[in-house]
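In: next come a sequence and a model predicted from it.
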Amino acid sequence: MLRRLPTACAACALALATVTPARADETWVGGTSNDWFDATNWSGGVVPTPADNVTIDTVDPNTTVVGAVGATANGLTVGDISAGLLTIQNGGTLTSGGGGTIGNQSGSIGIVTVDGAGSSWTTGSSGLAVGNNGTGTLTIQNGAAVSSNGGSIGAASGSTGTVMVTGAGSSWTSAGNLFVGVSGTGTLTIQNGGMVSSSSGDIGQNSGSTGTVMVTGAGSSWTTNSGNVNVGDNGAGTLTIQNGATVSSNGAVIGVN
């Protein structure tokens, strides 16, 4: 029997849970270089720890780069009220145990690129929101990996979230549900051998939302491990599978409500 995904409230809870906590312990200033591990680039003069809530909200004078193993944070926001840009490369690793948000508030712009084999971003309990109320972009490429406890792309009304997973070995693994267009506009592209897995998937969840998923090219795949893929729940959903790509799920509904 086909099983419905959690209600709209569950997706809203995910999006709200990833909003920047009230107390931001470390803010990127980038005054010396683009190196995450240089303490002089942070507002408190120390490199963030797993207990710190981190905000990256400026690209001037230097953007933010994790180029080595061991970057940590609690909650991480890239683009809170302004613009933030984060690159994880050259085998660099970042763990934000409290979750991650890209493009948090209305008018903000957040861009994250995870590039290259061994490069990774792991978000914890609150999952990952790409385009929470603002505009968020996440690119996972050239064998890089992102892991999250659930994910939303285009969470709030007026938000825009875009995720691209491209290249053999590139992956996004969501231990929870993956929502593409919760109340905003969400786009997910999986191509050139990229892989996405989640417990279930919802494309165009709430009324007024737009969700678009493109899975294209041999080796490209989206797998939902325990739940449905719903295409057009209460909003507008589009799923395209082409050129040898695959989508597999426990069930599927096209045009739910």
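Out: Arrived safely.

In: and stretch 144-157, end to end?
Out: End-to-end distance for stretch 144-157, by Cα to Cα, to the nearest Å: 30 Å.

In: swap in stretch 239-253?
Out: 11 Å.

In: then stretch 199-206?
Out: 19 Å.

In: do stretch 247-257 as well
Out: End to end - Cα to Cα - stretch 247-257 spans 22 Å.

In: hmm, who's touching it?
Out: With contacts defined as Cβ atoms under 8 Å, 6 or more residues apart in numbering, stretch 247-257 is touched by 2-4, 200-201, 215, 221-234, 239, 241. In short, each C-beta sits where N, CA and C put it, glycine included.

In: give me the buried subset of those residues.
Out: For the contacts of stretch 247-257, a burial check counting by 16 or more other Cβ atoms under 10 Å picks out 200-201, 215, 221-222, 224, 227-234, 239, 241.

In: would you map the strands across the stretch 1-150 of the chain?
Out: Counting by DSSP state E, counting those that start in this stretch, one finds strands in the stretch 1-150 of the chain at the ranges 26-27, 54-56, 64-66, 71-78, 83-88, 93-102, 109-115, 120-123, 128-130, 135-141, 145-148.

In: what would the ones you listed look like in a markdown table with mean neighbour count?
Out: Below are the strands of the stretch 1-150 of the chain laid out as a markdown table (neighbours: other Cβ atoms under 10 Å):
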| stretch | mean neighbour count |
| --- | --- |
| strand 26-27 | 20 |
| strand 54-56 | 27 |
| strand 64-66 | 23 |
| strand 71-78 | 26 |
| strand 83-88 | 24 |
| strand 93-102 | 24 |
| strand 109-115 | 23 |
| strand 120-123 | 23 |
| strand 128-130 | 33 |
| strand 135-141 | 25 |
| strand 145-148 | 23 |
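
In: helices - which of the contacts of stretch 247-257 land there?
Out: Among the contacts of stretch 247-257, none falls in helices (DSSP state H).

In: for the strands of the stretch 1-150 of the chain, give me a markdown table that also has distance to Val196 and mean pLDDT.
Out: Listed next are the strands of the stretch 1-150 of the chain as a markdown table, based on distance: least, Cβ to Cβ, whole Å; pLDDT from 0 to 100:
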| stretch | distance to Val196 | mean pLDDT |
| --- | --- | --- |
| strand 26-27 | 30 | 98 |
| strand 54-56 | 24 | 98 |
| strand 64-66 | 22 | 98 |
| strand 71-78 | 20 | 98 |
| strand 83-88 | 18 | 98 |
| strand 93-102 | 16 | 98 |
| strand 109-115 | 14 | 98 |
| strand 120-123 | 14 | 98 |
| strand 128-130 | 12 | 98 |
| strand 135-141 | 9 | 98 |
| strand 145-148 | 9 | 98 |
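
In: where's the dip in pLDDT among the buried ones among the contacts of stretch 247-257?
Out: Here the lowest pLDDT out of those sits on Gly227, with 90.

In: let me know the pLDDT of the residue nearest to Ser170 when sequence neighbours are not counted.
Out: Distances taken as Cβ to Cβ, 6 or more residues apart in numbering put Gly194 closest to Ser170, at 4.5 Å, once the chain neighbours are dropped. What the model reports for Gly194 is a pLDDT of 98.
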